[in-house]
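# kindly return the folded structure for what I paste below:
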Amino acid sequence: MSTKKILAVDDSPSMRHMVGVTLRAAGYEVIEAADGDEALAYARSNAVDLVLADVNMPRMDGITLVHELRNLPNYRLTPLLLLTTESSAEKKMEGKRAGATGWIVKPVSGNDLIRVIRKVLPGA
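Residues are numbered from 1 along each chain as shown. From the prediction side, this is the model:
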């Protein structure tokens, strides 16, 4: 089985680091991006198995990123998870309409994060 590649998108360097350490320890390859623009640019020329994105970021927020990724042929079926402090039903609905696979509210334990990823990522 090849190593699953996850694109972790968050404008907080400490959050990217925490997510990266957690996912790498679980055996995933992690690519980090500081915002939606950077993530979308990477995704246009590289395939990943899952995208984990914050909602509130400068330049391009996570919900817009999800929408843009769903418009790319390679990302129509890719699990796209939003990891955020936002927990309102309206925001969750907005994420769902954009095409998000799931919504994880911060703070989240490393074990819970891995459990959700394994649930939505076949063969992980």
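
# next one: stretch 95-112 to chain centre, how far?
With C-alpha atoms, centre = their mean, to the nearest Å as the basis, stretch 95-112 stands 8 Å off its chain's centre.

# and if you look at stretch 91-109?
For stretch 91-109 - counting by C-alpha atoms, centre = their mean - the centre lies 10 Å from the chain centre.

# would you mark the buried spots in it?
Buried residues in stretch 91-109, counting neighbours by 16 or more other C-beta atoms under 10 Å, are found at 91-92, 94-95, 98-103, 106, 108. (Each C-beta comes from the backbone N, C-alpha and C, glycine too.)

# show me which of the residues you listed is closest to V9.
Among these, A100 lies closest to V9 (C-beta to C-beta), at 12.6 Å.

# using the three-state scheme, assign that closest one.
coil (DSSP: H, G, I helix; E, B strand; the rest coil).

# good, we can wrap up now.
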